[in-house]
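1. What follows is a predicted protein model with its sequence.
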Amino acid sequence: MKTIKGIKVAPGIAIGRAFVIDEVALPRVRRRKIDPVAVRDELVRFEQARKEAIAELNRVHAHAREEMGEDPARVFLFHIGMLNDPAMLEPIRKKIEDDLLSPEYASAEVIKSWIQRFQKMHEPAFSTKINDLVDLANRLIGALIGRKLIEFDEQPDGQAIVIAHELTPSQTIAFDRSRILGLATELGGPTSHTAIVARALGLPGVVGAGELRTQVDDGDLLIVDGDRGRIIIDPDEETVEHYRGLMQQAQEFDRSLVELARLPSVTTDGVEIELLGNIEFPDEASNVAERGGTGVGLYRTEFLYLGTDHDPTENEHFEAYKRCIERLDGQSLTIRTFDLGADKYTQMRSEKPERNPFLGQRSIRHSLANLPMFRTQLRAILRASALGPVRIMLPLVTSVHEFRQTRYLIRDAMEDLDDLGISYDPLIKVGIMVEVPAAVMLADAFAREVDFFSIGTNDLVQYTLAVDRTNERVAALYQPAHPAVLKMIRMVVRAARSKKIPVSCCGEAAGDLEYVPLLIGLGVRTLSVTPSGIPLVKRLVRSVSIHQCERLAKKAIQFDSELEAGAFLRDRVRKIVPEAFEGRAGED
């Protein structure tokens, strides 16, 4: 029996036989010159292959949406966007016309150059996405030569655990999901295809597991523990029985959560803790109310940009926001403006990709540097605010000047709408996400100008501790219970209270049971989590008192070590709601 550690990306436990799949490589194409008189015909052949690949991708996207939902399927929209993007197409056509290279070789060379650009960035968030381009290259070149370069017909004999170096989008959609129990890969992070697909399908998932394939053979008995980020190879009978018991307990507890949707989210001493949902797509808004939430605290709008081959129009924005408002039926909707700049598509479309985009022109900086795009979004949000309660939230704000610039743009958009006789909410609330130490240090100044704070713990932890949570080498250092992080959260809450503005938390910590009582104890009274996590958080909220939480927070913030603080929180919370942890494996 051997245990390999990785990064937990999808909760749950799976016990099954290993199904090891090969790594998909960039296709090797021989360099072939073409006759100058054949250039026009070769360009036509390239265009036909491009359209054929797009048609196939549209079919694959529709199938992926039906099978796995919007989030996993949108990667195929990214592929379609790349096949329509002049930044990708023009260099290929130039190599055909000027260098007299075959379309197959020209395509392979241009895509290879894109891959090399991203490899040089040394950013795990980008290196884990390079297989998008490998997938795209195989599809485009396959269309050019008239056959599929890689077949994904092989399926497990029975229910199995998929083991891979890293899964490509085409691999994930080709699987017969009824035969898959869990997923584990050597590469990847929380935003990798494996992670997204595992969460969408409700499969336990572990990524970043190092040299996993060298230690696992087809047919080996495995346990994938998505709660603790472990893969156990050839477990003994005692370990198997232990995990089967944990799976049964988890199933029983999940069934007990269904009845919580209609109950209020109040502590044992009667204090209301508002539970909101984080969503990426309009249709998800319905899930928030069904799970017992009272609104949307974070609507990520990037999909409007990343899911198409063009900048979304004002009406496209408006229609998406309108659908959210209709599904919320009077509940509040907080729309976060574009968090672009660090994503792979924005960087690939840039003439000069940034070496470290996470510390570059991203989020509010990107919006303020692309004013036509930003104005379009702000006008659409304002128009939607006439249909129901809407708030505007700005990501990664680091200075008061950035907020004032945006306020000016909002007032300017209001004047435009007034001139056109278009309705909007003139008192719309505008707040910021507190995600960097600079915003924490200036919390008192921000509190005098903004309408609300929302603490984004994901980036706040990352930037405070200088830890990339998608990097498997340092993922263990990503600790929301770090004393520096806890003190920053306390500072933000105190600044908000002094000016009587609301403060919420919308990062992953808000949905993690081990941190919920801590956040409440630090003074947070609104938590925004994934819709599926609302019932479990509500269960915990209804099991604690404010006094308990405040005592817990006071103790946790006194530790010098994040490891001690984390262990303390786990121990206390497990005593409050032990049934929520009985389906999880214990610590090493």
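-> Received it, and whenever you're ready, just let me know what you need.
2. all helices of the stretch 201-350 of the chain, in order?
-> Along the stretch 201-350 of the chain, the stretches classed as helices by DSSP state H, counting those that start in this stretch are 237-257, 285-290, 303-306, 314-328, 344-349.
3. With distance to Ala198, mean neighbour count and mean pLDDT added, can I get the ones you listed in CSV?
-> (C-beta placed from N, C-alpha, C; glycine too.) Below are the helices of the stretch 201-350 of the chain laid out as CSV (distance: least, C-beta to C-beta, whole Å; neighbours: other C-beta atoms under 10 Å; pLDDT from 0 to 100):
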stretch, distance to Ala198, mean neighbour count, mean pLDDT
helix 237-257, 16, 14, 85
helix 285-290, 18, 19, 88
helix 303-306, 19, 19, 74
helix 314-328, 26, 19, 94
helix 344-349, 20, 20, 54
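4. so which of those gets nearest Leu89?
-> Checking the helices of the stretch 201-350 of the chain against Leu89 by C-beta to C-beta gives helix 344-349 as the closest, at 11.9 Å.
5. Just give me how far the helix or strand following that closest one sits from the chain centre.
-> Counting by DSSP states H and E, the next helix or strand C-terminal to helix 344-349 is helix 364-369. Relative to the centre of its chain, helix 364-369 is centred 21 Å away, using C-alpha atoms, centre = their mean, to the nearest Å.
6. And helix 364-369, what's buried?
-> Neighbour counts using 16 or more other C-beta atoms under 10 Å place 364-368 of helix 364-369 among the buried residues.
7. Looking at those residues, which one is closest to Asp132?
-> Checking those against Asp132 by C-beta to C-beta gives His366 as the nearest, at 20.8 Å.
8. how far away is that closest one from Phe175?
-> Distance, His366 to Phe175, by C-beta to C-beta, to the nearest Å: 35 Å.
9. Check Leu460 too.
-> Taking C-beta to C-beta, one finds Leu460 at 36 Å from Phe175.
10. likewise His165?
-> Separation of His165 from Phe175 (C-beta to C-beta): 16 Å.
11. Give me the more crowded residue out of these two.
-> For His165 versus Phe175, neighbours defined as other C-beta atoms under 10 Å are more numerous around Phe175 (21 against 18).
12. where does the more buried one land on pLDDT?
-> On pLDDT, Phe175 comes in at 75.
13. longest helix anywhere in the chain?
-> Assignment by DSSP state H gives helix 39-68 as the longest helix of the chain.
14. Could you pull up the mean pLDDT of it?
-> Throughout helix 39-68, pLDDT has a mean value of 89.
15. After it, which helix or strand is next? Please name it.
-> Next along from helix 39-68, by DSSP H and E: helix 70-82.
16. Who are the packing partners of that following helix?
-> Helices and strands touching helix 70-82, by 3 or more C-beta pairs under 8 Å, 6 or more residues apart in numbering; DSSP states H and E, are helix 39-68, helix 130-145, helix 169-174, helix 193-201, helix 303-306, helix 344-349.
17. If we use 7 Å, what do you get?
-> helix 39-68, helix 130-145, helix 169-174, helix 193-201, helix 303-306 (3 or more C-beta pairs under 7 Å, 6 or more residues apart in numbering; DSSP states H and E).
18. looking at these, which is buried most?
-> Compared across the helices and strands packed on helix 70-82, helix 193-201 shows the largest average neighbour count, a mean of 25 (mean count of other C-beta atoms under 10 Å).
19. what angle do that helix and helix 70-82 make?
-> Relative orientation of helix 193-201 versus helix 70-82 (axes from the mean of the first three to the mean of the last three C-alpha atoms, to 10 degrees): 140 degrees.
20. Helix 193-201 to helix 39-68, inter-axis angle?
-> Using the same axes, to 10 degrees: helix 193-201 against helix 39-68 is 40 degrees.
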